[in-house]
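Chemist: Predicted structure and sequence below. I'll ask about it afterward.
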Amino acid sequence: MKRKDFLRAAPMFAGAMALEGTAAAAVKKAVRPVLTVAHITDVHIRPEMNIPARFIKQLEAVKKAKVDFFLNGGDSIHAADYKDITRERVLEQWKCWDESIQAIKGYELYSCVGNHDNWWAAPSKDDAMYGVNYAAKRAGMPHRYYSFRKKNWHFIILDGNNNGISLDAEQMEWLKKELESVPLGTYVLLMSHYPILTVTGSWEGGQHKDHKELKQLFYKHKEKVRVCLSGHQHLLDRAWYDGVHYFCNGAMSGFWWEKGDQRSAQPYYYQETPPGYAILKLYEDGTVENEYITINIDDPAAGNK
Ligand SMILES: [Fe+2]
Ligand SMILES: [Fe+2]
């Protein structure tokens, strides 16, 4: 089996596992999803290397999948979080983001904040551009964590940036109330930048530190919670625990739009993961399919290293 085929087949297998039986899988194939959603993550946009044009090209391709809306898992801009980042550099990167996503004007885009989106080097904490709140605003979010509902799916967007890869107490209380308020028959998809549960966390950092508390909370609402999406790792992995799928959907930027290093299995890969994005199909009965689409981000005009 070619690698590309495997990557495409693997999520289907994972999705089928959730159906608790092949008969159910056969029935489901005949049923149309209630929602088709694109999950992009880790775009890491910046003006160099023709990256905005390369990103726009990918967005145009995603649109052909006839998605209902977009989810964006954060690290939208390359990096605002390092000590030496100036105000001008932060603004320049967000400008690239604003201009690029014009390509999906007319689509709803629901984002979460990634660790690289936040400018901690602002002159003071009172600066309007400091930290997570500004990143949330620039990403078009109503708050650094929020929720919305489409059909019989409830979407919860989390922020693990303000409390050391954990939800802060205020957000945890909010999440508990959110899950309580979701009626039976409505299913929950959560999106965070850092994975709540991950396979690749064995060798790559970034898993939520409050994962034990979260899995206990999900158990309490096991009739509702179905999917957790994440990025951050730039690695494609999937885990399953107690009825919940955890899809960590690689990175649109692969090796940050560059050719890679000695760990890259192929050009633009981060380790063994190619650049890509996921298409999710969400069904009325709470089942889900997550397909990772590998993309070609090579660009002769990019001047890659
Ligand atoms: Fe990233
Ligand atoms: Fe990240």
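Modeler: Cool, got the structure. A quick note: this is a predicted structure, and the numbers were derived from the prediction, not measured. Ligands and ions are numbered 1, 2, ... in the order given.
Chemist: how about the residue nearest to A80 when sequence neighbours are not counted, what does it touch?
Modeler: Leaving aside its sequence neighbours, A80 sits nearest to W119 (C-beta to C-beta, 6 or more residues apart in numbering; 4.2 Å). Where C-beta positions appear, they are placed from N, C-alpha and C, glycine not excepted. Contacts for W119 (C-beta atoms under 8 Å, 6 or more residues apart in numbering) come out as A80, D81, I85, R87, V90, M129, Y130, G131, Y134, A135.
Chemist: now with 6 Å?
Modeler: A80, V90, M129 (C-beta atoms under 6 Å, 6 or more residues apart in numbering).
Chemist: I'd like to know how far S76 sits from V199.
Modeler: Using C-beta to C-beta, to the nearest Å, we find S76 at a distance of 25 Å from V199.
Chemist: now do L214
Modeler: In terms of C-beta to C-beta, L214 sits 17 Å off from V199.
Chemist: Give me the more crowded residue out of the two.
Modeler: Neighbours were counted for L214 and for V199 using other C-beta atoms under 10 Å; L214 has more, 23 against 16.
Chemist: So that one is in contact with I196, correct?
Modeler: Yes: between L214 and I196 a contact is recorded at 5.4 Å, counting by C-beta atoms under 6 Å.
Chemist: Quick check on the closest residue to F69 other than its chain neighbours: phi, psi?
Modeler: Sequence neighbours aside, E108 is the residue nearest to F69 in space, at 4.1 Å (criterion: C-beta to C-beta, 6+ apart). Torsion angles at E108 (phi, psi; degrees, to the nearest 10) stand at phi -80, psi 140.
Chemist: before we move on, what about V288?
Modeler: Per-residue torsions, V288: phi -150, psi 150 (degrees, to the nearest 10).
Chemist: could we number from 359 for the rest of this?
Modeler: Done: numbering now begins at 359, and the last item shifts to V646.
Chemist: beta partners of it?
Modeler: L640 (DSSP bridges).
Chemist: Surely D568 and I523 touch.
Modeler: No: using C-beta under 6 Å, D568 is not in contact with I523; the gap is 8.1 Å.
Chemist: What residues are bridge-paired with the residue nearest to F576 when sequence neighbours are not counted?
Modeler: Leaving aside its sequence neighbours, F576 sits nearest to V583 (C-beta to C-beta, 6+ apart; 4.4 Å). Counting by DSSP bridges, V583 is bridged to V546.
Chemist: What is the burial count for V583?
Modeler: Counted with other C-beta under 10 Å, residues neighbouring V583 total 26.
Chemist: ok, it touching V546?
Modeler: Yes: assessed by C-beta under 6 Å, V583 is found in contact with V546 at 4.7 Å.
Chemist: shared neighbours of the two, anything?
Modeler: Joint contacts of V583 and V546 (C-beta under 6 Å, 6+ apart) do not exist.
Chemist: and the chain, which residues reach ligand 1?
Modeler: Within reach of ligand 1 by C-beta under 5 Å from the ion, the chain has these residues: D400, D433.
Chemist: In the chain, which residue sits closest to ligand 2?
Modeler: H590 (3.8 Å; C-beta to the ion).
Chemist: residues in contact with that residue?
Modeler: H551, Y552, G564.
Chemist: hmm, 8 Å instead?
Modeler: Neighbours of H590 in contact, by C-beta under 8 Å, 6+ apart: T399, D400, G431, G432, D433, G472, N473, H551, Y552, P553, G564, C606.
Chemist: I'd guess it is in a helix, am I close?
Modeler: No: H590 is assigned coil when assessed by DSSP: H, G, I helix; E, B strand; the rest coil, not a helix.
Chemist: tell me the pLDDT at it?
Modeler: pLDDT for H590: 98.
Chemist: For the stretch 509-658 of the chain, which residues are neighbours of ligand 2?
Modeler: H590.
Chemist: just so I have it, where are all the strands in the stretch 509-658 of the chain?
Modeler: 511-515, 545-549, 583-588, 594-599, 602-607, 634-640, 646-652 (DSSP state E, counting those that start in this stretch).
Chemist: Which among those strands is found nearest to E406?
Modeler: E406 lies closest, by C-beta to C-beta, to one member of the strands of the stretch 509-658 of the chain: strand 634-640, at 21.4 Å.
Chemist: Compute the number of surrounding residues for K508.
Modeler: Residues near K508, counting by other C-beta under 10 Å, number 16.
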